[in-house]
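A.B. asks: Show me the folded form of this:
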Amino acid sequence: MSRPDKKTNQHLVDLIGDLKAQSRDTGAAVWRDVALRLSKSRKNWAQPNLSRLTRHAPEGGIVLVPGKLLGSGEVHASHKVAAYSFSASAKDKIVAAGGETLSLHELMKDNPSGKEVFILG
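C.D. replies: Coordinates of the predicted model:
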């Protein structure tokens, strides 16, 4: 007998399945790591602020947040940021700094091998 899924959000269950399939297809461990992080309880998800993005993320790189990116802090460099969700102020500040916001599906499509992706969380 198989274990039932603990997640009830069908969009999230589909995303986790897609991440695992992408990891199997390309051999990239980054997608499996993100899938396992999103499989955990939502209270254990990463919720970094923009100030952490500014301090730790490489300039001009691709940043992946396996959770929600919050808008406290400032962004001074352009970053390509993918997250499960963004606060409205975080999205506005990233775009105003010349960066780009992506969903996890868009990042998987643009970068299937997961190279040069920095996980912030």
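
A.B. asks: can I get the CA coordinates of stretch 9-28 in PDB?
C.D. replies: Extracted as PDB, the C-alpha positions of stretch 9-28 are listed here (Å, rounded to 0.1, in the frame of the first residue of the first chain):
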ATOM      1  CA  ASN A   9      -2.300  21.800  -2.800                       C
ATOM      2  CA  GLN A  10      -2.400  20.100  -6.200                       C
ATOM      3  CA  HIS A  11      -0.300  22.800  -7.800                       C
ATOM      4  CA  LEU A  12       2.500  22.200  -5.200                       C
ATOM      5  CA  VAL A  13       2.200  18.400  -5.600                       C
ATOM      6  CA  ASP A  14       2.500  18.700  -9.400                       C
ATOM      7  CA  LEU A  15       5.500  21.100  -8.900                       C
ATOM      8  CA  ILE A  16       7.300  18.600  -6.600                       C
ATOM      9  CA  GLY A  17       6.600  15.800  -9.100                       C
ATOM     10  CA  ASP A  18       8.000  17.900 -12.000                       C
ATOM     11  CA  LEU A  19      11.100  18.800 -10.000                       C
ATOM     12  CA  LYS A  20      11.800  15.100  -9.200                       C
ATOM     13  CA  ALA A  21      11.200  14.200 -12.900                       C
ATOM     14  CA  GLN A  22      13.600  16.900 -14.000                       C
ATOM     15  CA  SER A  23      16.200  15.600 -11.600                       C
ATOM     16  CA  ARG A  24      15.900  12.100 -13.000                       C
ATOM     17  CA  ASP A  25      16.000  13.200 -16.600                       C
ATOM     18  CA  THR A  26      19.000  15.500 -16.400                       C
ATOM     19  CA  GLY A  27      20.800  14.100 -13.400                       C
ATOM     20  CA  ALA A  28      20.900  17.500 -11.700                       C
END
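
A.B. asks: And Pro4, what's its pLDDT?
C.D. replies: Note for Pro4: predicted pLDDT of 63.

A.B. asks: same question, Met1
C.D. replies: Met1 carries a pLDDT score of 55 in this model.

A.B. asks: So Pro66, which state does it fall into?
C.D. replies: strand (DSSP: H, G, I helix; E, B strand; the rest coil).
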